[in-house]
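**Q** Fold the following, please.
(one chain, ligands or ions: 1)
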Amino acid sequence: MLNLVVLSGAGISAESGLKTFRDAGGLWEGHDVMQVASPEGWAANPQLVLEFYNQRRRAALEAMPNLGHTVLAQLEEDFEVTVITQNVDELHERAGSSKVVHLHGKLSEARSSVDESLIYPLEGKDIQWGDLCDKGSQLRPNIVWFGEMVPMIEVAARITEKADIFIVVGTSMAVYPAASLIDFVRHDVPVYVVDPSTPMIRHNPNITFIRDKATTGLKTVAKELREKFH
Ligand code: APR
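**A** Below you'll find the model as predicted:
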């Protein structure tokens, strides 16, 4: 089976009711992103950051996967699919995708604020101020914030190099190193970009832009892939 690799971003979850980042005009639910998604923001006001992510977690749990997520899960019948996502919501898994790499962490996990290897499943619970890790430090969301290393980027780059087909869906390609994954795609590989606007990707002869929402746009791509490659 051909390797189909997908790079997804907030746009794929938009039709599930979860807001994207850049469509909100630089504010994220009324907050400056650096206030709620950076080590500096955490140092300045950890309670605000905890509450912010507790709300994001509740919203993600209430949301349902949409047809875009489902189409990608169903492509596993015909392709070896790996989804590399910048999303922290896990709607890909809930739609049935079996191989999902999370570049920016998961809302469903907490981690130690002194040892990033100490990770705890939250099982839908909030993180409270005063919840401690086994080393006695405050728990924080297991989310990669602006200015932090992206531990899964190497794994994602190795997967991307092996892609026979590459899909980019619902990401502005404005955030690095995630956006740099496109540079690891082999030159002969067809790339499909599904997004109502135009993400920051260099044109090349193998790119097809599908200026559509994830739900309908991914259906179009899936039909074409099955016709061409199956
Ligand atoms: N279907 C597909 N794409 C959509 C839809 C939709 N229904 N609605 C919006 N989009 C597109 C927008 O046009 C935009 O290109 O989704 C993209 C969302 O871009 P961003 O908000 O920048 O989200 P993303 O690229 O995932 O952000 C990357 O930035 O804030 C950080 O860590 C956070 O993972 C996030 C990273």
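**Q** What pairs with the longest strand along the chain, parallel or antiparallel?
**A** What stands out as the longest strand in the chain, according to DSSP state E, is strand 105-112. If you go by DSSP bridges, strand 105-112 pairs up with strand 119-121 (antiparallel), strand 139-143 (antiparallel).
**Q** Average pLDDT for that strand, rounded please.
**A** Mean pLDDT, strand 105-112: 98.
**Q** Let me know how buried the residue lying closest to Val71 once chain neighbours are set aside is, in neighbour terms.
**A** Leaving aside its chain neighbours, Val71 sits nearest to Leu218 (4.4 Å; criterion: Cβ to Cβ, 6 or more residues apart in numbering). C-betas here are computed from N, CA, C, even on glycine. Neighbour count for Leu218, taken as other Cβ atoms under 10 Å: 29.
**Q** and if you look at the one 10 residues further on?
**A** Lys228 has 9 neighbouring residues, counting by other Cβ under 10 Å.
**Q** How is it classified with respect to secondary structure?
**A** Here Lys228 is recorded as helix under DSSP: H, G, I helix; E, B strand; the rest coil.
**Q** if we can go back for a sec, for the helix or strand containing the residue nearest to Val71, output the C-alpha coordinates as PDB.
**A** Taking DSSP states H and E as the criterion, Leu218 maps to helix 214-229. The C-alpha coordinates for helix 214-229 follow below in PDB (Å, rounded to 0.1, in the frame of the first residue of the first chain):
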ATOM      1  CA  ALA A 214     -12.000  20.200   5.100                       C
ATOM      2  CA  THR A 215     -15.200  18.200   5.000                       C
ATOM      3  CA  THR A 216     -15.900  18.700   1.300                       C
ATOM      4  CA  GLY A 217     -12.300  19.200   0.100                       C
ATOM      5  CA  LEU A 218     -11.100  16.000   1.600                       C
ATOM      6  CA  LYS A 219     -13.900  14.100   0.000                       C
ATOM      7  CA  THR A 220     -12.800  15.500  -3.300                       C
ATOM      8  CA  VAL A 221      -9.200  14.400  -2.600                       C
ATOM      9  CA  ALA A 222     -10.100  10.900  -1.400                       C
ATOM     10  CA  LYS A 223     -12.100  10.300  -4.600                       C
ATOM     11  CA  GLU A 224      -9.200  11.400  -6.800                       C
ATOM     12  CA  LEU A 225      -6.700   9.300  -4.800                       C
ATOM     13  CA  ARG A 226      -8.800   6.200  -5.100                       C
ATOM     14  CA  GLU A 227      -9.200   6.700  -8.800                       C
ATOM     15  CA  LYS A 228      -5.600   7.500  -9.500                       C
ATOM     16  CA  PHE A 229      -3.600   5.300  -7.100                       C
END
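**Q** Val6 contacts Leu72, correct?
**A** Yes: counting by Cβ atoms under 8 Å, Val6 does reach Leu72; the two are 5.9 Å apart.
**Q** where do the contact lists of the two overlap?
**A** Residues within reach of Val6 and of Leu72 at once, by Cβ atoms under 8 Å, 6 or more residues apart in numbering, are 81, 83.
**Q** Looking at these two, which is more packed in?
**A** Neighbours per residue, other Cβ under 10 Å: of Val6 and Leu72, the larger number sits with Leu72, 29 against 26.
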